[in-house]
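dropping the sequence and predicted coords here.
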Amino acid sequence: MEPAKLLPPIAGRGAPANPRPTRTGSLNREPDGDWLDTAERIDGAPPPLRTTVTVEYPKTIIARNSSPDIGFDRSINPYRGCEHGCIYCYARPTHAFHDLSPGLDFESRLFAKPAAAKLLRAELAKRGYSAAPLAIGTNTDGYQPIEREWGITRSVIEVLAETKHPLLITTKSDRLLRDIDLLAAMARDNLVGVAISVTTLDPVLARILEPRAPHPKRRLAAIRALIDAGVPTQVNISPIIPAITDHEIEAIMAAAAEAGAIRASYILMRLPFEVAPLFRAWLAAHYPDRADKVMHMVQDIRGGRDNDAGFFTRMKGQGVWAQLIRTRVKRAAREHGLDRRFPPLRSDLFKPPERDGQMELF
């Protein structure tokens, strides 16, 4: 994929470009430069970029994986695309499979799965289903802004709570506090664990890095509220971006410990497929003074490439910079008591839901 063409900054959006996907055979259409020079004078300013939501009708809702470096083998994504607009999001390339751009399309042209709870109930009721922790928020955030109106994530959690199925949640939104009644009840049976992602404590940086995600202080407040409700919660410093956010590792650890988090984890930034040119364009727009330095450090961590898709190394990286960050994370976690183990979730309490509205006879 060629470097993304810069667009004028759009308030509340993360991507500085909207390149067409090329891996799916789509043509990458670019606006004519002469037209751009006169379009606003003749036609006026373009209309605001609005979020649109398309209803998706999948046949199943549980996604399976066999990755050896991920601690779960099943997950649910109530939505495709994510309005948070995080420029570093490794899920952006998934929009290419819809012939949409991993750029602005990913954060403004969303898909919702309102039948998720119904599909989940049917899958959990199948003979032979064996319960194990199911993750929400590992691809796109289940608590992104449109969850306020759609409520799909809550409907899924209601089914999991009813059947006493173990659940893992990863989010960067305090919107999950709306569901604290369900989460607290599940926590009493060791059925749920939550990870709150905090990338930076700097609200100015957060506004351009992850423009529609809640303020960092609200995420820390969410950690405190969950802990007070008895829900085991960790901070996820993810992603750590060399020369942009890595200087905040110790400060984030301290703030999370003060909020009551029981442990900390981290992931070094990944730049798969179309994410790399988008991130380069973002650097050129916001950090031109250090763009080359950042990418040199990224490539040092990724074995000389923009991205390393290898199991295990894709999360933690390799080389001198990766080792330095790993050492700092471990030291800070130990200092602040964030190196404890996450309580294991129970799978033995699972009770399948009714099948086709009828209880099993035998």
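On my side now, so go ahead.

phi, psi for Leu110 please.
Note on Leu110: its backbone torsions stand at phi -100, psi 160 [degrees, to the nearest 10].

that one and Ile146: what is the separation?
As judged by C-beta to C-beta, to the nearest Å, Leu110 and Ile146 stand 6 Å apart. Where you see a C-beta, it was placed from the backbone N, CA and C, and this is true even at glycine.

cool, and Gln299?
Separation of Gln299 from Ile146 (C-beta to C-beta) stands at 35 Å.

ditto for Thr313
34 Å.

quick check: mean pLDDT of stretch 104-123?
Averaged across stretch 104-123, the pLDDT comes to 98.

now that stretch - C-alpha only, PDB.
Presented in PDB, the C-alpha positions along stretch 104-123 are these (Å, rounded to 0.1, in the frame of the first residue of the first chain):
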ATOM      1  CA  LEU A 104     -11.700   7.400   7.900                       C
ATOM      2  CA  ASP A 105     -14.200   4.700   6.800                       C
ATOM      3  CA  PHE A 106     -13.100   2.400   9.700                       C
ATOM      4  CA  GLU A 107     -14.100   5.000  12.300                       C
ATOM      5  CA  SER A 108     -17.200   6.500  10.500                       C
ATOM      6  CA  ARG A 109     -18.900   3.700   8.500                       C
ATOM      7  CA  LEU A 110     -19.700   1.100  11.200                       C
ATOM      8  CA  PHE A 111     -21.500  -2.200  11.300                       C
ATOM      9  CA  ALA A 112     -23.700  -3.400  14.200                       C
ATOM     10  CA  LYS A 113     -24.900  -6.900  15.000                       C
ATOM     11  CA  PRO A 114     -28.200  -6.500  16.900                       C
ATOM     12  CA  ALA A 115     -28.900 -10.200  16.800                       C
ATOM     13  CA  ALA A 116     -25.700 -11.000  18.700                       C
ATOM     14  CA  ALA A 117     -27.400 -12.100  21.900                       C
ATOM     15  CA  LYS A 118     -29.900 -14.300  20.100                       C
ATOM     16  CA  LEU A 119     -27.000 -15.900  18.200                       C
ATOM     17  CA  LEU A 120     -25.000 -16.400  21.300                       C
ATOM     18  CA  ARG A 121     -27.800 -18.000  23.100                       C
ATOM     19  CA  ALA A 122     -28.200 -20.500  20.300                       C
ATOM     20  CA  GLU A 123     -24.500 -21.300  20.200                       C
END
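
chain center to that stretch: distance?
In terms of C-alpha atoms, centre = their mean, to the nearest Å, the centre of stretch 104-123 is found 15 Å from the chain centre.

that older thread, which of Leu110 and Ile146 has more neighbours?
Legend: neighbour count by other C-beta atoms under 10 Å for Leu110 and Ile146, higher for Leu110 (23 against 18).

can you pull up the bridge partners for the more buried one?
For Leu110, the beta-bridge partners are Val53 (DSSP bridges).

these two touch, right, it and Arg80?
Yes. Leu110 is within contact range of Arg80, at 6.6 Å (criterion: C-beta atoms under 8 Å).

checking Asn190 next. Helix, strand or coil?
Secondary structure state of Asn190, per DSSP: H, G, I helix; E, B strand; the rest coil, is coil.

ok so, going back, any shared contact partners between Leu110 and Arg80?
Contact criterion C-beta atoms under 8 Å, 6 or more residues apart in numbering; residues shared by Leu110 and Arg80: none found.

least trustworthy helix or strand in this protein by mean pLDDT?
Least confident helix or strand, the chain: helix 33-43 with a mean of 61, by mean pLDDT, DSSP states H and E.

shaky segments in the stretch 1-150 of the chain?
The stretch 1-150 of the chain contains residues with pLDDT under 70 at 1-9, 22-46.

in it, which spans are strands?
Along the stretch 1-150 of the chain, the segments classed as strands by DSSP state E, counting those that start in this stretch run 52-55, 63-64, 74-76, 79-80, 109-112, 134-136.

of those, which is nearest Ala254?
Smallest distance to Ala254 across the strands of the stretch 1-150 of the chain (C-beta to C-beta): 27.5 Å, for strand 134-136.

neighbouring strands of the longest strand belonging to the chain in the sheet, and parallel or not?
Longest strand in the chain by number of residues (criterion: DSSP state E): strand 233-240. Using DSSP bridges, the strands paired with strand 233-240 in its sheet are strand 192-197 (parallel), strand 264-268 (parallel).

return the most buried member of the ones you listed.
For the strands paired with strand 233-240, the largest average neighbour count (mean count of other C-beta atoms under 10 Å) is found in strand 192-197, namely a mean of 25.

any shared contact partners between Leu110 and Ile146?
Common contact partners of Leu110 and Ile146 (C-beta under 8 Å, 6+ apart): Thr51, Val53, Tyr79, Glu83.
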